[in-house]
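**Student:** Can you look at this prediction? I've put the sequence above it.
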Amino acid sequence: KIGEKIIFRFKNEIPPPSEGIFEAEKTEIFQAIDVFMIVEKKRKAKVEPLMFEVFFEGITPDNFSDFPLKLRGRIDRIDRVKKGKYRVIDYKTGRYSKFQNIKYFGGGQVLQHALYALAAEKLIKEKGVDKAPKVIESGYSFPTPRGEGNEVIFKEFNRKDFKAIIDEIVKIMTTGQFVVNPEAKCDFCDYADICGPEAVKRAKYKQQYNPDEFEHLNKLKSYK
């Protein structure tokens with residue numbers, strides 16, 4: 001009932017191109033709601049959903065980086081697991097397959113859960129909810145038929161390693177060595193035209209003779 005009320009509110013504000021498209025999208029949303037409710041009912045531990053769609057800007061988490069960095073984003077959901085302990089969840093509409101074999105950081109390519117965990121601690125503290133909050137779980141939920149209701153939740157990650165990853169990424173930016181990953185999959189990349197054809201093949205060749213240029217990239221790959 002809540003979903004239907006919101007759907008028709010948006011229909012009045014932004015009329016769909018046709019009734020057929022509207023019905024198809026409404027069906028897709030209702031399917032996602034069903035999956036979402038199943039996921040929530042299956043949760044073993046009772047938690048307190050605390051905050052939703054929390055926007056933040058200009059936040060610098062404690063012990064985050066040796067560089068003067070500020071974060072901006074929107075956290076989908078923050079749960080209170082127990083006193084002083086929290087969980088951060090980001091909702092995804094795609095498939096979960098690319099996340100399921102990641103241990104913590106996916107070779108420096110999957111960082112959102114860690115970034116949001118640190119940002120959430122700062123937000124909870126600044127809002128006066130908790131003087132010493134700690135996020136002990138963070139990850140991704142896929143509450144759609146495509147994602148099959150799966151979740152990829154990481155327990156407490158190594159914060160020292162995460163700081164090293166962030167600092168390594170900044171070093172790449174400051175040196176300007178934006179090398180192509182020799183293991184990259186460029187089929188659906190928005191920047192393929194910039195790199196040009198056979199970019200991965202050329203990167204593999206360059207790596208053989210210019211290992212120093214790939215030093216930062218190889219360091220990131222070590223953080224599985």
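**Tutor:** Received it, and whenever you're ready, just let me know what you need.
**Student:** all strands of this protein, in order?
**Tutor:** With DSSP state E, the ranges of strands along the chain come out as 48-59, 71-82, 85-91, 134-141, 151-154.
**Student:** So for residue 35, which of these sits nearest?
**Tutor:** Nearest to residue 35 among those is strand 134-141 (9.9 Å), distances taken as CB to CB. (C-beta placed from N, C-alpha, C; glycine too.)
**Student:** Can you tell me which helices and strands the closest one packs against?
**Tutor:** If contacts are counted by 3 or more CB pairs under 8 Å, 6 or more residues apart in numbering; DSSP states H and E, strand 134-141 sits against strand 85-91, helix 112-126, strand 151-154.
**Student:** Tabulate the ones you listed (JSON lines), appending mean neighbour count and mean pLDDT.
**Tutor:** Written out in JSON lines, the entries for the helices and strands packed on strand 134-141 read as follows (neighbours: other CB atoms under 10 Å; pLDDT from 0 to 100):
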{"stretch": "strand 85-91", "mean neighbour count": "21", "mean pLDDT": "96"}
{"stretch": "helix 112-126", "mean neighbour count": "21", "mean pLDDT": "95"}
{"stretch": "strand 151-154", "mean neighbour count": "17", "mean pLDDT": "93"}
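**Student:** of all the ones you listed, which lies closest to residue 4?
**Tutor:** When these are ranked by distance to residue 4, counting by CB to CB, first place goes to strand 85-91 at 20.0 Å.
**Student:** Show residues contacting the helix or strand of the chain with the lowest mean pLDDT.
**Tutor:** Among the helical and strand segments of the chain, the one scoring lowest on mean pLDDT, DSSP states H and E is helix 192-195, with a mean of 85. Applying CB atoms under 8 Å, 6 or more residues apart in numbering, the contact partners of helix 192-195 are 180, 186, 189, 199.
**Student:** ok, and for that helix, which residues are buried?
**Tutor:** Of the residues in helix 192-195, residue 195 count as buried by neighbour count, 16 or more other CB atoms under 10 Å.
**Student:** swap in stretch 132-145?
**Tutor:** Going through stretch 132-145 with 16+ other CB under 10 Å, the ones that come out buried are 133, 135, 136, 137, 138, 139, 140, 141, 142, 143, 144.
**Student:** OK, contacts around residue 84?
**Tutor:** With contacts defined as CB under 8 Å, 6+ apart, the neighbours of residue 84 are 130, 132, 133, 134.
**Student:** ok, now how distant is the residue nearest to the first one when sequence neighbours are not counted from residue 31?
**Tutor:** Right, the one you point to is residue 130. What sits nearest to residue 130 in space, not counting adjacent residues and going by CB to CB, 6 or more residues apart in numbering, is residue 124, at 5.1 Å. Computed as CB to CB, to the nearest Å, the residue 124 to residue 31 distance reads 33 Å.
**Student:** And for residue 222?
**Tutor:** With CB to CB as the criterion, residue 222 and residue 31 are 40 Å apart.
**Student:** Of all residues in this structure, which one is nearest the centre?
**Tutor:** In the chain, the centroid-proximal residue (CA atoms, centre = their mean) is residue 112; its distance is 3.5 Å.
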